[in-house]
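Chemist: Curious how this folds, go ahead:
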Amino acid sequence: MTRTYAIGDIHGCLDKLIGLMALCYADAGNRPTKFIFLGDYIDRGPNSQGVVEFLMSFQQDRPDDVICLMGNHEDMLLAAVDAPDWEESWLRNGGIQTLQSYREATVANIPQDHINWIRNLPKVHDDGLRFFVHAGIHPDRPLNRQDEHDLLWIREPFLSSTKDFSRLVVHGHTPLKTGKPDIRPNRLNLDTAAVYGGPLTSAVFDSASPEAIGFLGAT
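Modeler: The predicted structure follows:
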């Protein structure tokens with residue numbers, strides 16, 4: 001039975017990502033694996049460039065088994081690329097650390113293949129049991145009619161909703177000061193604040209039920 005690993009917000013924490021991947025492979029053993037990354041690969045942490053290069057290479061090697069979703073920090077980067085007036089806003093939200101990792105002075109100098117990869121990231125992945133997304137969904141809209149801004153940015157009214165969304169919504173975006181996943185009947189938050197000193201966390205799923213069968217964390 002395939003093991004699916006959903007990984008929360010990385011924010012340039014390459015060392016934690018490498019450590020977590022080792023834990024995932026040890027957990028999987030000889031089982032087939034699928035990996036779903038929930039966005040926010042860049043900004044705030046020390047090695048955004050390294051994280052992007054790692055994910056691009058990983059996805060190239062396993063295109064059917066590696067899904068990388070867009071986060072709001074990727075959205076901010078693209079806004080800065082497309083409209084220079086937005087660059088200052090991005091820089092204030094962690095973009096400075098991203099430019100430092102690329103050893104560049106401006107967003108215009110980030111490699112074009114990295115920008116193209118980011119621009120083509122999907123917003124959601126639905127495996128029939130779970131709905132994977134960066135920030136969450138709007139409770140008043142069906143899954144197939146969500147607003148893209150909400151998928152990348154929403155907090156309320158999603159976080160406090162007790163509605164049945166017809167899928168377990170697996171998300172990140174809202175850092176958890178406890179350093180532990182937030183497990184609810186209708187959603188699962190995996191942003192365990194890796195860039196703020198918490199672990200980088202993966203939920204482990206199989207195809208028997210929507211709920212996670214375990215969690216792995218790299219510190």
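Chemist: switch to C-alpha atoms for all contacts and neighbour counts from now on
Modeler: Will do.
Chemist: Is residue 15 located within a helix, as I assumed?
Modeler: Yes: under DSSP: H, G, I helix; E, B strand; the rest coil, residue 15 falls within a helix.
Chemist: hey, where'd the strands end up in the chain?
Modeler: 3-7, 33-37, 66-68, 124-126, 130-133, 168-171, 182-183, 187-189, 200-205, 214-218 (DSSP state E).
Chemist: so can I have TSV of those strands showing distance to residue 51 and mean pLDDT?
Modeler: Below are those laid out as TSV (distance: least, C-alpha to C-alpha, whole Å; pLDDT from 0 to 100):
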stretch	distance to residue 51	mean pLDDT
strand 3-7	13	98
strand 33-37	11	98
strand 66-68	12	98
strand 124-126	20	98
strand 130-133	19	98
strand 168-171	19	98
strand 182-183	24	98
strand 187-189	21	99
strand 200-205	13	98
strand 214-218	15	98
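Chemist: can you list these in a markdown table and add distance to residue 13 and mean neighbour count?
Modeler: As requested, those are exported to a markdown table (distance: least, C-alpha to C-alpha, whole Å; neighbours: other C-alpha atoms under 10 Å):
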| stretch | distance to residue 13 | mean neighbour count |
| --- | --- | --- |
| strand 3-7 | 12 | 24 |
| strand 33-37 | 14 | 20 |
| strand 66-68 | 16 | 22 |
| strand 124-126 | 23 | 17 |
| strand 130-133 | 20 | 24 |
| strand 168-171 | 18 | 26 |
| strand 182-183 | 21 | 14 |
| strand 187-189 | 18 | 24 |
| strand 200-205 | 8 | 25 |
| strand 214-218 | 10 | 17 |
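Chemist: Any chance of the ones you listed in TSV with distance to residue 60 as columns?
Modeler: Converted to TSV, the strands of the chain look like this (distance: least, C-alpha to C-alpha, whole Å):
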stretch	distance to residue 60
strand 3-7	18
strand 33-37	13
strand 66-68	9
strand 124-126	18
strand 130-133	21
strand 168-171	24
strand 182-183	31
strand 187-189	27
strand 200-205	21
strand 214-218	24
